[in-house]
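Peer 1: Sequence and computational prediction follow.
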Amino acid sequence: MVSAVFDNKVLSDTPLGLYCHVPFCVDTCDFCAFYQQKPRRNDISRFLDGIERELALSPPTRPASTFFWGGGTPGILKPDALRRLGTAFLTANKGVLPVEWSVEMSPATVSLARLDALREIGVTRISLGVQSFDEETLSALGRRHTPRQIRQAWEWIRAAGFRDVSMDLIFAVPGQEETRWSTDLAEAVRLGPDHISTYCLTFEEDTALYVKLSKGRVNVDSEREAAMYRRTWAFLEAQGYGQYEISNFARSGHACIHNVNTWRMAEWQGYGPAAASQVGGRRFQNPANLDAWLRGIDLGDLVHEQVVTLSPPLLLADAIIFGLRMNEGVDLDTLGQRFGAAVPVALRALGENLNKEGLIFAENGRWKASLEGRLRADAIGAAVLECF
């Protein structure tokens, strides 16, 4: 069994991560439900001004151990804008470099100058949104980059010498036969990333693919999805990539610390429109609109939406649900003590039933999902939530 080990010594009891949502994209991919928009005149300058002021109005509660920039397309920013954004985050973090600093990039926006800027400010991890090496699959997803751009971007990223480089791939795309998916996996492994994320396509509302689904132009095949999951897990394991979460695989020492901390219900502060936070006993989201987000900043009164007060039982439930998505599993009593919440009797009974059904392995209060359990993670999560 390959192990995707990360260094637990860098993780405190309650790590803090900072997230930045860069909402700009040249085009909207057919599967994407994240808030994004085409940058209009002066929008990027307004965004950078807003981030600097938001960081001043709501600084990190303590130095953060990880930064993560997502989107949108953070790589759409020009080199000087990337430097300015990086300086703002480092200043807010009291000059402390994070242990891990991740930036998502699209192959079409990768350039030598942008990579130089990211290295200069201290970025350690690049996550490249490949999705597929196949032109037909890329077209079905509404992606605008080409296989040639992927390979050129990859060559430049590797030459730049970042500590961790990851690829994102998507499977179960309409029209994508299993052989095409296998070819994508093989090409990804040939290029040799440190980390691979493989996501089963989901049809989110307000996306072009969801419209096609609702009109019957594409369909969902659960059996095909399950077969592709199994093939993916077996293949990547054989190639030296340890699965540490349902969709994530890494060579030893290259798991994404920021995401692991999130799944463990640590704390994170989000900056930028649509960015989510879990900090100070609350979970909330910024407005998913550049102008609405800026209005709150202009008034010195940040707008937070979908605000939830985090009770001990809620944190315990979420830690179990997300923890079961990770191969390390969860220790119920340890989590109960951490959050100061009693483990419900109904939850222990659920564990006995899941164990009998072969969906989890339960021993001495520690639960780990089986392969079949990982395939049914959403259903197990819903059942866990009903126990609280």
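Peer 2: Nice, thanks for sending it over. Residues are numbered from 1 along each chain as shown.

Peer 1: for the helix or strand containing residue 354, which positions count as buried?
Peer 2: When elements are assigned from DSSP states H and E, residue 354 belongs to helix 345-356. For helix 345-356, burial by neighbour count (16 or more other CB atoms under 10 Å) applies to 347, 350-351, 354-355. Glycine gets a C-beta too; all of them are placed from N, C-alpha and C.

Peer 1: Thought residue 368 was touching residue 359, still the case?
Peer 2: No - between residue 359 and residue 368 there is no contact under CB atoms under 8 Å: 10.4 Å.

Peer 1: between the two, who's got more neighbours?
Peer 2: Remark: of residue 359 and residue 368, residue 359 carries more neighbours, 24 against 17, as counted by other CB atoms under 10 Å.

Peer 1: any idea how far residue 376 is from that one?
Peer 2: Distance, residue 359 to residue 376, using CB to CB, to the nearest Å: 6 Å.

Peer 1: And residue 342, by the same measure?
Peer 2: Separation of residue 342 from residue 376 (CB to CB): 26 Å.

Peer 1: Those two: which has the busier surroundings?
Peer 2: Neighbours per residue (other CB under 10 Å) separate residue 342 from residue 376, with residue 376 holding more: 16 against 11.

Peer 1: quick one, domains of this structure?
Peer 2: 15-263, 312-386 (automatic domain parsing).

Peer 1: quick one: low-confidence parts of this protein?
Peer 2: 1-13, 26-36, 203-221 (pLDDT under 70).

Peer 1: residue closest to the middle of it?
Peer 2: The residue lying closest to the centre of the chain (CA atoms, centre = their mean) is residue 259, at 6.2 Å.

Peer 1: isn't there a helix covering it?
Peer 2: Yes - the assignment for residue 259 by DSSP: H, G, I helix; E, B strand; the rest coil puts it in a helix.

Peer 1: contacting residues around it?
Peer 2: Contacts for residue 259 were tallied using CB atoms under 8 Å, 6 or more residues apart in numbering; they are 68, 245, 248.

Peer 1: can you list contacts of the helix holding residue 354?
Peer 2: Residues from elsewhere that reach helix 345-356, judged by CB under 8 Å, 6+ apart: 320, 332, 360-362, 367, 373, 380, 383-384, 386-388.

Peer 1: out of these, which one sits closest to residue 182?
Peer 2: In terms of CB to CB, no member of the contacts of helix 345-356 lies closer to residue 182 than residue 373, at 24.4 Å.

Peer 1: Count the residues that sit near that closest one.
Peer 2: Neighbour count for residue 373, taken as other CB under 10 Å: 22.

Peer 1: Which of the residues in the helix or strand harbouring it are classified as buried?
Peer 2: According to DSSP H and E, residue 373 maps onto helix 371-375. Of the residues in helix 371-375, 373-375 count as buried by neighbour count, 16+ other CB under 10 Å.

Peer 1: Over to stretch 293-301?
Peer 2: In stretch 293-301, counting by 16+ other CB under 10 Å, buried: 293-294, 296-297.

Peer 1: Just the CA coordinates for it, please, in CSV.
Peer 2: This file holds the C-alpha atoms of stretch 293-301, laid out as CSV (Å, rounded to 0.1, in the frame of the first residue of the first chain):
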residue,chain,number,x,y,z
TRP,A,293,-18.1,42.7,-1.9
LEU,A,294,-16.4,46.0,-2.5
ARG,A,295,-19.4,48.0,-1.1
GLY,A,296,-19.0,46.4,2.3
ILE,A,297,-15.3,47.1,2.2
ASP,A,298,-15.9,50.8,1.2
LEU,A,299,-18.2,51.2,4.2
GLY,A,300,-15.7,49.5,6.5
ASP,A,301,-18.4,46.9,7.4
